[in-house]
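**Student:** would you be able to build a 3D model of this:
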Amino acid sequence: MRKLISHTILTLDGVATFDAVADTIGELRGGEAGEDFFNRLADEDAMLLGRTTYEEWAEYWPTSTYEPFASHINSVPKFVVSRSLDAVPWGAQANATLVNGDLADAITDLKQQPGRSIGVHGSLTLVEGLLHADLLDEMRLEIYPVLAGQGERLFHDQPAPKRLRLVSSLIASNGVAVLTYQRN
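**Tutor:** Purely as a prediction, here's the structure:
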């Protein structure tokens with residue numbers, strides 16, 4: 001069965017949407033943390049996106065030349081989870097599919113299809129829902145040594161407690177911590 005792996009960038013104060021410090025994070029994202037991210041990205045042959053991330057990314061990535069992520073995101077199939085969208089175009093590529101209806105059924109079916117890992121990028125509400133529904137196999141958190149002060153955080157609801165197991169860690173020389181957790 002395919003693994004569903006989320007990739008989330010966080011500031012030290014837990015903010016996951018961080019316009020005020022985006023440039024600083026961009027400066028710190030290279031080096032060991034960036035190399036680790038792109039090595040893991042090579043294991044993914046599909047992407048799962050929430051509506052908000054899809055709407056932001058569909059305007060930018062289809063024509064972006066920011067490599068190597070642009071080539072990756074534009075070439076892999078994308079599955080967009082939304083109850084409000086009717087279509088999910090992706091530039092000239094016809095490789096985005098709308099996922100609606102029961103999330104658990106749709107994701108379970110997707111994970112049973114042949115292929116490698118499925119990455120969840122951004123999509124905070126989706127990541128939270130997948131984790132609470134026990135559909136997320138692995139959480140990869142890149143924690144940057146900056147304080148955003150304000151912005152959206154990864155977790156909002158207070159569901160039943162969950163215990164995760166740390167399976168790998170990397171502390172880059174520039175202070176970025178990359179922590180990977182799996183379900184117990």
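
**Student:** and the strands in this protein?
**Tutor:** 4-11, 44-50, 78-81, 96-99, 117-121, 138-144, 164-171, 177-183 (DSSP state E).

**Student:** roughly how far is the fourth one from the heart of the chain?
**Tutor:** So the one you mean is strand 96-99. 16 Å (C-alpha atoms, centre = their mean, to the nearest Å).

**Student:** just the first one next, same as before
**Tutor:** In this view, strand 4-11 has its centroid 5 Å away from the chain centroid, taken as C-alpha atoms, centre = their mean.

**Student:** just the angle between that strand and strand 44-50, please?
**Tutor:** Using axes from the mean of the first three to the mean of the last three C-alpha atoms, to 10 degrees, the direction of strand 4-11 lies 60 degrees away from that of strand 44-50.

**Student:** okay, strand 4-11 in CSV with CA atoms only?
**Tutor:** Taking Å, rounded to 0.1, in the frame of the first residue of the first chain, the C-alpha atoms of strand 4-11 are listed here in CSV:
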residue,chain,number,x,y,z
LEU,A,4,0.7,9.2,2.5
ILE,A,5,3.3,11.7,3.7
SER,A,6,2.8,15.3,4.7
HIS,A,7,5.5,18.0,4.3
THR,A,8,4.9,21.0,6.5
ILE,A,9,7.1,24.0,7.1
LEU,A,10,6.7,25.6,10.5
THR,A,11,8.3,28.5,12.3
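
**Student:** the strands of the chain into a markdown table, with extra columns for distance to residue 24?
**Tutor:** The C-beta positions use only the backbone N, C-alpha and C, and glycine is treated the same way. A markdown table is the format used below for those (distance: least, C-beta to C-beta, whole Å):
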| stretch | distance to residue 24 |
| --- | --- |
| strand 4-11 | 9 |
| strand 44-50 | 25 |
| strand 78-81 | 28 |
| strand 96-99 | 31 |
| strand 117-121 | 20 |
| strand 138-144 | 8 |
| strand 164-171 | 18 |
| strand 177-183 | 15 |
